[in-house]
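Chemist: pasting the sequence and the predicted model now:
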Amino acid sequence: MALSKPVYTPGTARGARLAALLVDEGTSLVRKIFENEVKNMNPPSLKEQLKKHKKYLCGLRHLYPGQRKTLYPPSGDVPDSAQGFDISLLELLLKELCRNAPYAGERNRLRQYRNDNYGHIASTDLSEAEFDRLWKELTDILVDLGGDRDRISQRLYSSIDPQKEEMYLSTLEQLHKYDMEVKDLLLDVMEGQERLKQGQEGLKEGQDNLKEGQERLILQGESLKKQQDKLSAQRENLQEGQKLNLALGRNLKEGQEQLFCQGGGLKDGQEQILAQGGDLKEGLESLKKGQQEILEEVRGKKRPVPSSGPCSGPSSKRVQPGSADAIHDVISCLKDLYATESAHVRPLPWCEDLNLDLEEVYTKLQLQRRDDRGRFHDTGTIVSLTDILNSREATAIDDNTERTVRKIRVEGDPGIGKSCSCQKLAYDWSCGKLDRFKAVFFLEMRHLAGKVKGAIFKQLLPKDINTTPDQLWSYIRENQDDVLFILDGLDELSQTAREVTDVVDLIQGKILRNCHVLVTSRPYHCERDLEKCHEFYRITGYTKQDSKKYIEKYFNKSPESATKLLDHLAANTNLSEIVVNPLNNVLVCVVWEDNREELPSNKAELYQMIVFSVAKRFCAKTNIPVKSDRLPHNITEALGGLGKLAWEGLEQDQLQFNVDDIKHEYSTSADNMLYMGLLTRDHSFSRIKRTYYCTFLHRTFQGYMAAYYVSELVKDESSREKGIECFHYVFGISNG
């Protein structure tokens, strides 16, 4: 509200002293912080820095004309001192030119104090009690900013000239007005970005629908061509039958002519006619039978007979004597593996003490099934992958033919619970809840480096197992309908592995066509590999009720913490939408527990807090001192290296990284990168040459670190052009 000319009273005098302290001391301390930051720049000159960043600063929408004139006066004499800069201009320069400037929290408290209280001071008298409270609060903020408490106390009893009193209050109103205008401007930018994102998503959905329509037309064309080829073959068979009938008719005519000519050979002629008539009858019956078979095939009453060979499905052969015990040993090993390693969930590898019992914390997910028209529908009582497989029955194609559902596709966003659901499925089989299968093979695609036959031994079985890959493969071929393959994360299959593996042939039924396969992937990935799957499900995450159940299970020993967290989530729309993702749900619980029951406001801050927590924990373990909330330089450098590694991995569609390559490329930062806790160690499954790899905790962490890397490039003037190129790459924008 506009300032009115004050009526001078003891109350307004108190307000003026408070305003003077806020304007003079606050501005002086922020100016001192900025000048110290300039000294650390290269070159350490304000004039040179302003010249260097002129194009960038003048392009800022929230740099107002008066501020621009202060920095770049018409005379061209760029200031070499911050003297005369008001506090709003100093804060803008700290934000735009100084990375990680100190006292960020205290400066924000000062700004909040100014915006919360200026109107009160300007428009009403201050009682002594109110003045004392506000003076103490402001003093504490200024002292935290580096101010001298004794010097501040001396101003408590100083008098203010009436003209200056009006000037101080007017200055505070202008600063508040500037803050509100900048806030509105940023909100407009955010709304524009959100509208752009929605438009891009709508365009992508339209493109996907167009692509699906084109693929359906192609499939319909191929099916029509096959039907035409089949009818052509049937027409040729009919023509051959008609030719045979004509030939037999000619033979009959020739016999009759011969009978008349021979006269005396009447008896022989009659016998010949009878014989040829028999041939004619047989030919007619053969022709009739052929026509009947053609009609039956056209009507779909006759099923095709499966061909023999390695892809023909279960045969009448049994496991050879002497190998049955070995196969039984394999199945026992698989059940032991799933019953032990899959019985617990360790969602955050850097938290050694967070090892949760799967049965206790597993919470049902929302699943949707896609119909023949590409629309997804809720599955009702089906709330797990085990439910899907237990509910599988033959599906009718027409009145006389049935199709058995063997290949199932499941997709979901990163962190939505695909891997945990696969783990639960394997665990359920080991506990007898999926006994329709004799053997279940749970394979992680990011570890796949060769054929499926070899991957079973490398990922699942001990080295001293009493059977060979060929023996196990023969058992699988002869018992296909009793075997389930769980293939987790097809989108994480490396390009190198894709060139040598036969896992896509398994999914598409080109090998072991009668085996059951359940494969998971992120949305819009591996679509061609998965287009022949019989059914398509999508995991959509938790309902709000399921999210609540998980939080209550997590805090089962401290229900009051669960109640407070749920109340907090209910009051925060952003976070309540985040926790439908199971991984985010875990992160929220951990942050709430470690951060003294405080939460960030959005997903980016959530991951930022997790990364910062991991880094501080590493510093504590390795006795690296941490001052306040600023990480040491070598740790910041290691985070930058992890960001670069994450970005390059996403560019090359790479999830695994060779440890030796990291040590060679990042040298001094390599150990901190590898042992901080954001990477998990892995190894190749080669028994001859062991190669060590590492991966990010989860693909979402790799995405966050890549975004962190790009944002750091953009903040730095020297690398901003490269950062902009990265943005162009992400959004598919041409540099031209």
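Modeler: The structure has been received and is ready for your questions.
Chemist: phi, psi of Leu203?
Modeler: Per-residue torsions, Leu203: phi -60, psi -40 (degrees, to the nearest 10).
Chemist: so how many other residues sit close to it?
Modeler: Neighbourhood size, Leu203 [other CB atoms under 10 Å]: 10. C-beta: built from backbone N, CA, C; applies to glycine.
Chemist: pLDDT wise, what is it at?
Modeler: On the pLDDT scale, Leu203 is placed at 81.
Chemist: could you measure from it over to Glu637?
Modeler: Per CB to CB, to the nearest Å, Leu203 is found 39 Å from Glu637.
Chemist: dump stretch 324-334 to CSV, keeping only the CA atoms.
Modeler: What follows is stretch 324-334, C-alpha atoms only, in CSV (Å, rounded to 0.1, in the frame of the first residue of the first chain):
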residue,chain,number,x,y,z
ALA,A,324,16.4,-86.0,-13.2
ASP,A,325,18.2,-85.5,-9.9
ALA,A,326,20.4,-82.8,-11.5
ILE,A,327,17.4,-80.9,-12.7
HIS,A,328,15.7,-81.2,-9.3
ASP,A,329,18.9,-79.7,-7.8
VAL,A,330,18.7,-76.7,-10.2
ILE,A,331,15.1,-76.1,-9.2
SER,A,332,16.0,-76.4,-5.5
CYS,A,333,18.9,-73.9,-5.9
LEU,A,334,16.5,-71.4,-7.6
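Chemist: mind listing what's buried along that stretch?
Modeler: 326-327, 330, 333-334 (16 or more other CB atoms under 10 Å).
Chemist: report the rounded mean pLDDT for that stretch.
Modeler: For stretch 324-334, mean pLDDT rounds to 91.
Chemist: got it, and stretch 605-614?
Modeler: Average pLDDT, stretch 605-614: 82.
Chemist: just the buried residues of it, please?
Modeler: By neighbour count on 16+ other CB under 10 Å, the buried set for stretch 605-614 is 606-607, 609-611, 613-614.
Chemist: okay, those in TSV with distance to Ala339 and secondary structure next?
Modeler: Output for these, formatted as TSV (distance: CB to CB, whole Å; DSSP: H, G, I helix; E, B strand; the rest coil):
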residue	distance to Ala339	secondary structure
Leu606	34	helix
Tyr607	34	helix
Met609	36	helix
Ile610	31	helix
Val611	34	helix
Ser613	33	helix
Val614	31	helix
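Chemist: make TSV from those residues and add distance to Leu110 to it.
Modeler: TSV is the format used below for those (distance: CB to CB, whole Å):
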residue	distance to Leu110
Leu606	27
Tyr607	29
Met609	24
Ile610	29
Val611	28
Ser613	27
Val614	31
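Chemist: between these, which is closest to Cys98?
Modeler: Val611 (21.8 Å; CB to CB).
Chemist: pLDDT-wise, which helix or strand of the protein ranks last?
Modeler: Lowest mean confidence among the helices and strands of the chain (mean pLDDT, DSSP states H and E): strand 395-396, at a mean of 46.
Chemist: run the chain-centre distance for stretch 545-555.
Modeler: Relative to its chain's centre, stretch 545-555 lies at 22 Å (CA atoms, centre = their mean, to the nearest Å).
Chemist: okay, buried residues for it please.
Modeler: Those would be 546-548, 550-551, 553-555, for stretch 545-555 by 16+ other CB under 10 Å.
Chemist: same question, stretch 667-683
Modeler: Buried residues in stretch 667-683, defined by neighbour count with 16+ other CB under 10 Å: 669-670, 672-674, 676-679, 682.
Chemist: again with stretch 455-468
Modeler: Those would be 455-461, 467, for stretch 455-468 by 16+ other CB under 10 Å.
Chemist: quick one: mean pLDDT over that stretch.
Modeler: Regarding stretch 455-468, the rounded mean pLDDT is 92.
Chemist: what lies in contact with it?
Modeler: With CB atoms under 8 Å, 6 or more residues apart in numbering as the test, stretch 455-468 has contacts from 323, 325-327, 329-330, 333-334, 337, 441-444, 447-450, 469, 472, 501, 503, 685, 687.
Chemist: among those, name the ones in strands.
Modeler: Within these, residues falling in strands by DSSP state E are 441-444.
Chemist: with those in mind, which one is nearest to Thr496?
Modeler: Nearest to Thr496 among those is Glu444, at 15.9 Å by CB to CB.
Chemist: ok, that closest one touching Leu490?
Modeler: No - in this structure, Glu444 is not within contact of Leu490 by CB atoms under 8 Å, at 10.4 Å.
Chemist: neighbour count: the two, which is higher?
Modeler: Taking Glu444 and Leu490 together and counting by other CB under 10 Å, Leu490 has the greater number of neighbours (23 against 16).
Chemist: now do the strands in the protein.
Modeler: With strands called from DSSP E, the chain shows them at 344-345, 356-357, 366-370, 376-378, 395-396, 402-403, 407-411, 439-444, 483-488, 516-521, 535-541, 657-658, 679-683, 692-696.
Chemist: any idea which of the ones you listed is most buried?
Modeler: strand 516-521 (a mean of 24; mean count of other CB atoms under 10 Å).
Chemist: just checking, what packs against that one?
Modeler: For strand 516-521, the elements it packs on are helix 385-390, strand 407-411, helix 418-430, strand 483-488, helix 503-507, judged by 3 or more CB pairs under 8 Å, 6 or more residues apart in numbering; DSSP states H and E.
Chemist: 6 Å instead, please
Modeler: Judged by 3 or more CB pairs under 6 Å, 6 or more residues apart in numbering; DSSP states H and E, strand 516-521 is in contact with strand 407-411, strand 483-488.
Chemist: kind regards, and thank you for your time.
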